[in-house]
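A.B. asks: A structural model of the following input is requested.
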Amino acid sequence: MIGFMPDDIFFYVYCSNATKPFSEADLLELLTRSRENNAKVSLTGVLLYKDGNFMQALEGPEPAIRELLKKIHGDSRHQDVVRMLEGRSADRQFPYWYMGFQNLNSEEVKNTPGYTEFLNTPLTIGFDHPDPCRFLIGVGI
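C.D. replies: You can find the predicted model right below:
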């Protein structure tokens, strides 16, 4: 596990729209680069992608997350970046994932035990309350 004191764990969840659809190759490249960069600054988390929408949960040192968010807001592949949830946690939810990933469009996901129709809801619509984000990433539920 990545070593931090419990009060050092900051988390941030956002949703965004892709400016153009991501292919499987685009997603793999993004994932590979994210894992390499996140490992350098002790960030962990998960990235969900569905129908041109992203939801990402990041956790780790707050300065590293804030710096990454500046890059995300300036990235031409994203638009409408919306903060969904942020705060502090006693523990990491993804301690071994420099960036976990799931393409929610795949048939494999739909056949996974525990899959719910909730995952068919666009990631950026209807989240005027943080509980769906917490449900998806396992924070505080």
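
A.B. asks: Enumerate the positions of stretch 66-83 that are buried.
C.D. replies: Residues Leu68, Leu69, His78, Val81 are the ones in stretch 66-83 that count as buried (16 or more other Cβ atoms under 10 Å). Using the backbone N, CA and C atoms, a C-beta is placed for each residue, glycine as well.

A.B. asks: where does Pro122 land on pLDDT?
C.D. replies: Note on Pro122: pLDDT of 55.

A.B. asks: now swap in Tyr14 and tell me
C.D. replies: 92.

A.B. asks: just to revisit the earlier point, would you format the buried residues of stretch 66-83 as a markdown table with distance to Arg33, secondary structure and pLDDT included?
C.D. replies: Formatted as a markdown table, the buried residues of stretch 66-83 follow (distance: Cβ to Cβ, whole Å; DSSP: H, G, I helix; E, B strand; the rest coil; pLDDT from 0 to 100):
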| residue | distance to Arg33 | secondary structure | pLDDT |
| --- | --- | --- | --- |
| Leu68 | 12 | helix | 95 |
| Leu69 | 16 | helix | 95 |
| His78 | 14 | strand | 85 |
| Val81 | 18 | strand | 91 |
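
A.B. asks: just curious, which of the residues you listed is nearest to Lys50?
C.D. replies: His78 (14.8 Å; Cβ to Cβ).

A.B. asks: Okay, and the beta partners of that closest one?
C.D. replies: As for beta bridges, His78 partners with Ala18 under DSSP bridges.
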